[in-house]
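In: Could you look at this predicted model? Sequence included:
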Amino acid sequence: QLQASGGGLVQPGGSLRLSCTASGFKLAYYGIGWFRQVPGKEREWVSCFSSGGRNIVYADSVRGRFTLSGDDAKNTVYLQMNSLKPEDTAVYYCALRHYPGDNCEIFDFGSWGQGTLVTVSS
């Protein structure tokens, strides 16, 4: 089971680091993607590792501000979010890649964990 954590309330321009941890299995960190969802809207992809961890893919809206990384020893994947904007407000989810791919197609991911709420507001 995956669990996302680290969300909270932050002012515009601030930073947060989200964590995705796995319980019950060894996480191959390069199999993780991050997604987010605003109530009433479709879930959208934020960042993920391509199959085998060859590349890290970022949505245009977060590229240059967010950084995806993994720590094998801690069985955790991180999403460092800097220069946060009000439009980054959403529930953030991590998910496990179930099918190979070079992008973060939402249908390639499953085993969704509970999300963590990020609110960017002054």
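Out: Perfect, thanks for sending it.
In: from here on, contacts and neighbour counts on C-alpha atoms
Out: Noted.
In: Specify the beta-bridge partners of the residue most central in space within the chain.
Out: Residue closest to the average C-alpha location in the chain (CA atoms, centre = their mean): W34, at 2.3 Å. Beta-bridge pairing for W34 (DSSP bridges): S47, C94.
In: So it is in contact with F49, correct?
Out: No - contact between W34 and F49 fails when scored by CA atoms under 8 Å: they sit 9.4 Å apart.
In: which residues of this structure fall in strands?
Out: Applying DSSP state E to the chain gives strands spanning 2-5, 8-10, 16-22, 32-37, 44-49, 56-58, 66-71, 76-81, 90-97, 109-110, 116-120.
In: Quick check: which of the ones you listed is nearest to N103?
Out: strand 56-58 (6.5 Å; CA to CA).
In: neighbouring contacts of that closest one?
Out: Residues outside strand 56-58 that contact it (CA atoms under 8 Å, 6 or more residues apart in numbering): V46, S47, C48, F49, S50, F66, L68, N103, C104.
In: pLDDT at the third one, what is it?
Out: It stands for C48. According to the prediction, C48 has pLDDT 95.
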